[in-house]
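Q: A structural model of the following input is requested.
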Amino acid sequence: MPTYVKRHWNQTRGDEYDAWGTSWWYFEVDPDGWVTRQIEQYDGGVRLRYSTVRSDDQFGALAETPLDLAEAAYLIISQAEFELLWRAA
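A: A predicted model of the protein is given here:
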């Protein structure tokens, strides 16, 4: 059963899309810590989404290493919250 978490990045991208601002990242994570779906939501309104079906584009990519959900920065969210954002992205 997947786990759903979010994490805020207080830094901007540092690239040509820096004006998008800081971002919240949302993850669907399998029991081994691998990300199966990911949403990036930037303060400027841009939303990106990645999955095992579409893992990258010109703006970014699905996480390539497992997440350590024991890190305090990850906040547990509900599947319903994740799915709502996924559909909107």
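Q: End to end on stretch 75-83, go ahead and measure it.
A: Stretch 75-83 stretches 16 Å from its first residue to its last (Cα to Cα, to the nearest Å).
Q: name the element P31 belongs to?
A: Following DSSP states H and E, there is no helix or strand that holds P31.
Q: Can you get me a residue count around it?
A: Per other Cβ atoms under 10 Å, the neighbour tally for P31 reads 8. All C-beta spots, glycine's among them, are computed from the backbone N, C-alpha and C.
Q: wait, it sits on P66?
A: No: using Cβ atoms under 8 Å, P31 is not in contact with P66; the gap is 10.3 Å.
Q: And the strands in this structure, which stretches?
A: Using DSSP state E, the strands of the chain run over 3-9, 23-29, 35-42, 47-51, 75-76.
Q: can you list those strands in a markdown table and add mean neighbour count?
A: Output for the strands of the chain, formatted as a markdown table (neighbours: other Cβ atoms under 10 Å):
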| stretch | mean neighbour count |
| --- | --- |
| strand 3-9 | 16 |
| strand 23-29 | 20 |
| strand 35-42 | 20 |
| strand 47-51 | 17 |
| strand 75-76 | 10 |
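Q: Dump those strands into CSV; add distance to A89 and mean pLDDT as well.
A: Below are those laid out as CSV (distance: least, Cβ to Cβ, whole Å; pLDDT from 0 to 100):
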stretch, distance to A89, mean pLDDT
strand 3-9, 13, 97
strand 23-29, 9, 98
strand 35-42, 5, 98
strand 47-51, 4, 97
strand 75-76, 19, 96
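Q: And R37, how close does it get to Q11?
A: According to Cβ to Cβ, to the nearest Å, R37 and Q11 sit 23 Å apart.
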